[in-house]
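**Student:** my questions concern the predicted model and sequence given below.
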Amino acid sequence: MRSPGTMLLVAMLGAGLGWAVVEAEAPAGGHSTVTVVGKPTAEAPGLEDEQLGKKLETRLSVHFAGTPLADVLQYLREKGKLNIILNSDAPGVDPTFPIILKLDDVALRNAVAWVARLAGLVYLVRDEAVFLTTAADLSPEWSREIRVRDQALDRLAEKTWIPKVEAKLEEPTSFSFTDTPLRETMSFLASYHKLNVVLDPRFTQQENTVTMPVEDMSVRSALGWILRVKHLEYALVDEAIFVSTPASIRSLRASRRSVSGDARFRTVVDVEFSEIPIHRALEALSGATGLNIALRAEQVPPLRLTMKLDHVTLEQAVRELVAQTGFPFAFSFEEDGLVIWLQEPSAEPAKEAEPTEPQGAERPAEAREAGAETQPPAKTE
């Protein structure tokens, strides 16, 4: 049983990381107020313009081999005949960031989503434009709008493109890779089995090579083995297979999914925190709603947080509170309540050179031709 003045930071050993058990005393100074004002409720839908939404469903294929972000967005502007605004004044936005992306037959919306994600940005559709900026630059209202939109798109995906990708993952495949760059192994699977695979740009060819022979194995199992030995995972999102670290995949899933494991997480609250550590804020939320909230972290950021929210769900309050730390995070429900996984921010993604032809990969001529790198698509008139 925890004492009222402390917040237990639960920890564990997992994924090769050391987690220390910490009991943090509530320091003096600052104040917190959490008031339950309503029963669980649904979030309001986004404000997407109907005509612009139709344009974003246009099907297209793109192939960018290190094309600067600004040029990629100009191409998408002309291709979709829509307004795309890049917030180049926001810290962390680099119009010259090289985009390496190959997608076949996807909605324009998903091409925009992938371009934004690879550049470390988010996109919002409103006021007759597609707006790209950093997550830190968004207001709480716009952050909620993006989350609601992504959750709706994921529900639709379960009935549309995901079953098609799942069927392709059951196809048999054979290959033999010897010191082949990870990007080229993914390119082979993508081109030969007509899948869209997007590799997290933080992985360079020099740091990740694959040596593996496979004979008559399902694409799902082959992909799983390649990623397992590299300590990576994948997720199906925005009409593609995204390959990244387990922590990044967990964070991505959490950011797009409404956590509904406990109805109390949808309780409506008024929140006001002033200059208090995160553990005290979480303790206040836990005490007001009766939902145990545990924080799992290698290092708790020594920040004093200030936040005021009126009539939001407990989920929204927790998300926006943890987001203020600037650390990647994810949620999970366990027997004793909600668990927040907090990680130190990773280094900036490394800029990659243009991919080269595979080394040591034995694959059919058809796959070699389909996987060959080309120049970025020409702009349309």
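**Tutor:** Great, that's in hand.

**Student:** where do the helices sit along the stretch 201-350 of the chain?
**Tutor:** Using DSSP state H, counting those that start in this stretch, the helices assigned to the stretch 201-350 of the chain run over residues 219-229, 246-256, 278-289, 314-323.

**Student:** I'd like those helices as JSON lines, with mean neighbour count appended.
**Tutor:** For every residue, glycine as well, the C-beta is placed using N, CA and C. JSON lines is the format used below for those (neighbours: other CB atoms under 10 Å):
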{"stretch": "helix 219-229", "mean neighbour count": "17"}
{"stretch": "helix 246-256", "mean neighbour count": "18"}
{"stretch": "helix 278-289", "mean neighbour count": "22"}
{"stretch": "helix 314-323", "mean neighbour count": "22"}
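
**Student:** can you tell me which of the ones you listed is nearest to residue 97?
**Tutor:** Nearest of the helices of the stretch 201-350 of the chain to residue 97, taken as CB to CB: helix 246-256 at 17.8 Å.

**Student:** select, out of the helices of the stretch 201-350 of the chain, the one closest to residue 153.
**Tutor:** Smallest distance to residue 153 across the helices of the stretch 201-350 of the chain (CB to CB): 8.3 Å, for helix 246-256.

**Student:** so what's the backbone phi/psi at residue 171?
**Tutor:** phi -70, psi 150 (degrees, to the nearest 10).

**Student:** picking that back up, quick one: closest of the helices of the stretch 201-350 of the chain to residue 79.
**Tutor:** Closest among those, using CB to CB: helix 246-256, at 25.3 Å.

**Student:** other SSEs contacting the closest one?
**Tutor:** When contacts are defined as 3 or more CB pairs under 8 Å, 6 or more residues apart in numbering; DSSP states H and E, helix 246-256 sits against helix 140-157, strand 233-237, strand 240-244, strand 329-334.

**Student:** reformat the ones you listed as a markdown table; add distance to residue 281, mean pLDDT and mean neighbour count.
**Tutor:** Shown next, in a markdown table, are the helices and strands packed on helix 246-256 (distance: least, CB to CB, whole Å; pLDDT from 0 to 100; neighbours: other CB atoms under 10 Å):
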| stretch | distance to residue 281 | mean pLDDT | mean neighbour count |
| --- | --- | --- | --- |
| helix 140-157 | 15 | 83 | 16 |
| strand 233-237 | 29 | 93 | 19 |
| strand 240-244 | 29 | 94 | 22 |
| strand 329-334 | 14 | 75 | 18 |
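
**Student:** now these as TSV including distance to residue 50?
**Tutor:** Shown next, in TSV, are the helices and strands packed on helix 246-256 (distance: least, CB to CB, whole Å):
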stretch	distance to residue 50
helix 140-157	14
strand 233-237	24
strand 240-244	26
strand 329-334	32
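
**Student:** with residue 67 as the reference, name the closest of these.
**Tutor:** Nearest to residue 67, of the helices and strands packed on helix 246-256 and by CB to CB, is strand 240-244 at 17.6 Å.

**Student:** what's next to that closest one, contact-wise?
**Tutor:** If you take CB atoms under 8 Å, 6 or more residues apart in numbering as the criterion, strand 240-244 is touched by 103, 106, 110, 114, 165, 186, 190, 195-200, 202-203, 223, 227, 232-236, 249, 252.

**Student:** residue contacts, the closest residue to residue 112 other than its chain neighbours?
**Tutor:** Nearest residue to residue 112, sequence neighbours excluded (CB to CB, 6 or more residues apart in numbering): residue 123, at 5.5 Å. By CB under 8 Å, 6+ apart, the contact list for residue 123 reads 112, 113, 116, 130, 131, 132, 146.

**Student:** and the helix or strand hosting residue 123, which residues are buried?
**Tutor:** Using DSSP states H and E, residue 123 falls within strand 122-126. Across strand 122-126, burial judged by 16 or more other CB atoms under 10 Å covers 122, 123, 124, 125.

**Student:** output those residues as a markdown table; include the columns distance to residue 150 and pLDDT.
**Tutor:** A markdown table is the format used below for the buried residues of strand 122-126 (distance: CB to CB, whole Å; pLDDT from 0 to 100):
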| residue | distance to residue 150 | pLDDT |
| --- | --- | --- |
| 122 | 10 | 93 |
| 123 | 10 | 95 |
| 124 | 11 | 92 |
| 125 | 12 | 91 |
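
**Student:** out of these, which is nearest to residue 283?
**Tutor:** For the buried residues of strand 122-126, the nearest to residue 283 is residue 122 (29.8 Å; CB to CB).

**Student:** need the contact list for the closest one.
**Tutor:** Residue 122 makes contacts with 116, 132, 133, 134, 135, 138, 146, as judged by CB under 8 Å, 6+ apart.

**Student:** report the buried members of those.
**Tutor:** By neighbour count, with 16+ other CB under 10 Å, the contacts of residue 122 hold 116, 132, 133, 134, 138, 146 as buried.

**Student:** quick one: the residues you listed as a markdown table, columns for secondary structure and distance to residue 337 too.
**Tutor:** Formatted as a markdown table, the buried ones among the contacts of residue 122 follow (DSSP: H, G, I helix; E, B strand; the rest coil; distance: CB to CB, whole Å):
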| residue | secondary structure | distance to residue 337 |
| --- | --- | --- |
| 116 | helix | 33 |
| 132 | strand | 36 |
| 133 | strand | 34 |
| 134 | coil | 31 |
| 138 | coil | 28 |
| 146 | helix | 26 |
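
**Student:** can you put these in JSON lines and add distance to residue 56?
**Tutor:** Formatted as JSON lines, the buried ones among the contacts of residue 122 follow (distance: CB to CB, whole Å):
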{"residue": "116", "distance to residue 56": "13"}
{"residue": "132", "distance to residue 56": "13"}
{"residue": "133", "distance to residue 56": "17"}
{"residue": "134", "distance to residue 56": "21"}
{"residue": "138", "distance to residue 56": "19"}
{"residue": "146", "distance to residue 56": "14"}
